[in-house]
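S.K.: Sequence and computational prediction follow.
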Amino acid sequence: PISQAAARQRAGRAGRERAGKCWRLFCEDMWSQLPLRPLPELGLSSLRTWVLHLLATGCHNPLHFPTIDPPPLQAMARALEVLFYLGALTPSDGAAESPQTSTPQTGALTLTPQTGRLLATLPLDPCWGKVVLAAVALGERGDDGEPLSGMSMSMSTSSHSREAEGEAVLVATLVVVALF
């Protein structure tokens, strides 16, 4: 949904170059329900890469990183959970683990030496980076590279951001192959 600030900005564009009008396709009751400002971009995007890079630069607890607009706690928790499942994170000494989720409840986090450090160097979302690492590992065993071709097909289905990410897959594949 649009915010009131974004709606005002769009209305201001009507008539910028010549006389114009702006018709809103919602009633005044809906206007009062719109948020005053749009959500910060950090709150709209996946935090996996951001959290991974924070950890790679030495921030051992991304939940306490001072941001101007902190991301939602649920999004941070989900990013940490996914990074744990990918094998990119490990609790540092003294961090307690929850028996249900195997994610740390308190304490510092570190990147795992192999997976976490490599994922932090790849110009990809960590999930796609894990696919690249798995494809390289399968390629060493003589596989035909099906994971990479499936990955490139799934990335080529929409917008320019997918095109940029597809190019990043190629670069990341070359980087990983050069590392091995």
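M.R.: Received the coordinates, thanks.
S.K.: now this protein, which segments are flagged as low pLDDT?
M.R.: Scanning the chain with the threshold set as pLDDT under 70 gives 42-44, 93-107, 140-180.
S.K.: would you list every one of the strands in it?
M.R.: In the chain, the strands defined using DSSP state E lie at 89-91, 109-111.
S.K.: Just send those strands back as a markdown table, with distance to Q4 and mean neighbour count too.
M.R.: (Each C-beta comes from the backbone N, C-alpha and C, glycine too.) Conversion of the strands of the chain to a markdown table gives the following (distance: least, CB to CB, whole Å; neighbours: other CB atoms under 10 Å):
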| stretch | distance to Q4 | mean neighbour count |
| --- | --- | --- |
| strand 89-91 | 39 | 20 |
| strand 109-111 | 38 | 20 |
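S.K.: Please produce a markdown table containing those strands, extended by distance to Q33.
M.R.: Output for the strands of the chain, formatted as a markdown table (distance: least, CB to CB, whole Å):
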| stretch | distance to Q33 |
| --- | --- |
| strand 89-91 | 39 |
| strand 109-111 | 39 |
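S.K.: Can you check which of the ones you listed gets nearest to P66?
M.R.: Closest approach to P66 among the strands of the chain (CB to CB): strand 109-111, 17.0 Å.
S.K.: Give me the residues contacting the closest one.
M.R.: Strand 109-111 is touched from outside by 52, 55-56, 60-62, 80, 88-92, 95, 116-117, 119-120, with contacts defined as CB atoms under 8 Å, 6 or more residues apart in numbering.
S.K.: Filter those residues down to the ones in helices?
M.R.: L52, L55, A56, L80, G116, R117, L119, A120 (DSSP state H).
S.K.: residue ranges for the helices of this structure, please.
M.R.: 4-13, 28-33, 41-44, 48-56, 73-85, 115-121, 126-140, 146-155, 160-179.
S.K.: Among the contacts of strand 109-111, the buried ones, what's the PyMOL command?
M.R.: Buried residues within the contacts of strand 109-111, by 16 or more other CB atoms under 10 Å, are selected in PyMOL with:
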select buried, resi 52+55+56+62+80+88+89+91+95+116+119+120
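S.K.: got the contact list for T112?
M.R.: T112 neighbours (CB under 8 Å, 6+ apart): G87, A88, L89, T90.
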